[in-house]
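S.K.: Next input, structure requested:
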Amino acid sequence: MLPVRLAFILIANSPIAPAMSHRPTLVFVPGAWHGPETWNKVSAEIEAHEYKCVRVALPSTLSDPAATFADDVRAVRAAIAAETTQGRDVVVVVHSYGGHVGSSAVRGLTRTAQGAASSAGGPSGHVVGIAMMATGFTVTGVSFVDGLGGKPPPEWAADEQAGFAVIVADARALFYHDLPADEGARWVDRLRKQALKPLMEGGEHAYSGWKDVPVWFLATTEDKALPLQAQHVFVQAARDAGADVTLRGVASSHSPMLSRPKETADFILQAVASFTSR
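M.R.: Down below sits the predicted model:
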């Protein structure tokens with residue numbers, strides 16, 4: 001009979017991983033002007049259910065006007081690959097502009113229809129689904145602004161000399177109107193400089209990853225940045241293009257992860273359960 005200590009060491013180092021390792025990792029992608037801390041409330045709720053959460057900081061929000069859309073995509077791909085190369089599946093959670101980045105970042109990292117390894121090659125985990133909220137559906141080869149009609153919306157302007165996208169609307173009303181006034185003001189103070197290039201250029205790196213995996217979409221019914229009607233149009237267009245989209249809603253501003261963290265976390269957990277049951 002093996003000594004208890006040796007038996008424990010052998011079990012701990014055996015190929016049988018603890019239950020948590022069978023759960024997918026959640027990779028969170030924030031929107032423009034926002035840092036990864038915007039996901040802290042939601043990720044705390046989800047981590048309580050023993051999921052690993054990875055919050056990505058987009059290079060375009062790090063005060064560098066030279067940052068590109070390709071840089072943002074690479075940052076998210078690196079976060080995904082750090083998990084999939086260890087054999088862990090991934091669910092990508094995206095918000096607003098982060099949907100454009102996250103959808104593009106999953107290229108080649110999903111499981112094929114036949115269940116074989118993707119073009120990433122080798123034994124690995126895969127992206128098994130995308131949880132989207134308050135965002136659009138990226139079209140392959142089309143930049144973020146081109147997807148909006150070719151020019152910035154009236155809420156922000158292009159400062160081409162400085163190389164940043166500048167919010168010209170009331171940011172608290174635009175993003176956080178359903179938060180207490182003091183908390184909304186704090187989030188306004190935390191808004192970051194947003195490089196202009198990733199919003200205006202980089203269509204060659206854009207990819208409709210939402211066609212490759214199932215999607216759950218959380219519509220924000222009180223959104224003043226992306227009206228509910230537009231969100232429904234986007235979802236229907238994606239479905240018409242062949243996407244597998246499950247639609248849910250929450251009475252929230254453009255930032256449900258801040259104003260409705262419990263409901264948002266519940267939505268994500270339901271999405272994960274659906275993705276992993278297939």
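S.K.: Would you map the strands across the stretch 151-278 of the chain?
M.R.: Secondary structure of the stretch 151-278 of the chain (DSSP state E, counting those that start in this stretch): strands at 156-159, 164-167, 194-195, 215-220, 245-250.
S.K.: Of all those strands, which one comes closest to A57?
M.R.: Smallest distance to A57 across the strands of the stretch 151-278 of the chain (CB to CB): 12.8 Å, for strand 194-195. (Each C-beta comes from the backbone N, C-alpha and C, glycine too.)
S.K.: Mind giving me the packing neighbours of the closest one?
M.R.: strand 164-167 (3 or more CB pairs under 8 Å, 6 or more residues apart in numbering; DSSP states H and E).
S.K.: pLDDT weak spots in the protein?
M.R.: Screening the chain residue by residue with the criterion pLDDT under 70, one finds the ranges 1-21, 112-123.
S.K.: now the most centrally placed residue in the chain, what's its secondary structure?
M.R.: Most central residue of the chain, judged by C-alpha distance to the mean C-alpha position with CA atoms, centre = their mean, is V94 at 1.9 Å. Classification of V94 into helix, strand or coil gives strand, according to DSSP: H, G, I helix; E, B strand; the rest coil.
S.K.: Quick check: it vs D170, distance?
M.R.: Relative to D170, V94 is positioned 25 Å away (criterion: CB to CB, to the nearest Å).
S.K.: Check L228 too.
M.R.: 20 Å.
S.K.: Include mean neighbour count when you put the strands of the stretch 151-278 of the chain into CSV, please.
M.R.: What follows is those, written out as CSV (neighbours: other CB atoms under 10 Å):
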stretch, mean neighbour count
strand 156-159, 16
strand 164-167, 19
strand 194-195, 26
strand 215-220, 26
strand 245-250, 17
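S.K.: Out of these, which gets nearest to H177?
M.R.: Taking CB to CB as the measure, the strands of the stretch 151-278 of the chain were each checked against H177, and strand 215-220 came out nearest at 11.3 Å.
S.K.: packing partners for the helix or strand harbouring G99?
M.R.: Assigned by DSSP states H and E, G99 belongs to helix 97-105. The contact analysis (3+ CB pairs under 8 Å, 6+ apart) places helix 97-105 against strand 25-29, helix 69-84, strand 90-95, strand 127-133, helix 144-147.
S.K.: give me that answer again for 6 Å
M.R.: strand 25-29, helix 69-84 (3 or more CB pairs under 6 Å, 6 or more residues apart in numbering; DSSP states H and E).
S.K.: highest average neighbour count across those?
M.R.: strand 25-29 (a mean of 26; mean count of other CB atoms under 10 Å).
S.K.: Next, the angle from the helix or strand that that strand is followed by to strand 25-29.
M.R.: Read in the C-terminal direction, the helix or strand following strand 25-29 is helix 40-47, with elements assigned using DSSP H and E. Between the axis of helix 40-47 and that of strand 25-29 there is an angle of 170 degrees, by axes from the mean of the first three to the mean of the last three CA atoms, to 10 degrees.
S.K.: Mind listing residues that contact helix 40-47?
M.R.: C53, M257, P261, T264, A265 (CB atoms under 6 Å, 6 or more residues apart in numbering).
S.K.: just stretch 157-173 next, same as before
M.R.: Contacting residues not belonging to stretch 157-173 are listed as P65, P152, E155, W156, G184, V188, K193, Q194, L196, L199 [CB under 6 Å, 6+ apart].
S.K.: of those residues, buried ones?
M.R.: Burial of the contacts of stretch 157-173 was assessed by neighbour count (16 or more other CB atoms under 10 Å); the buried members are P65, P152, E155, W156, G184, V188, K193, Q194, L196, L199.
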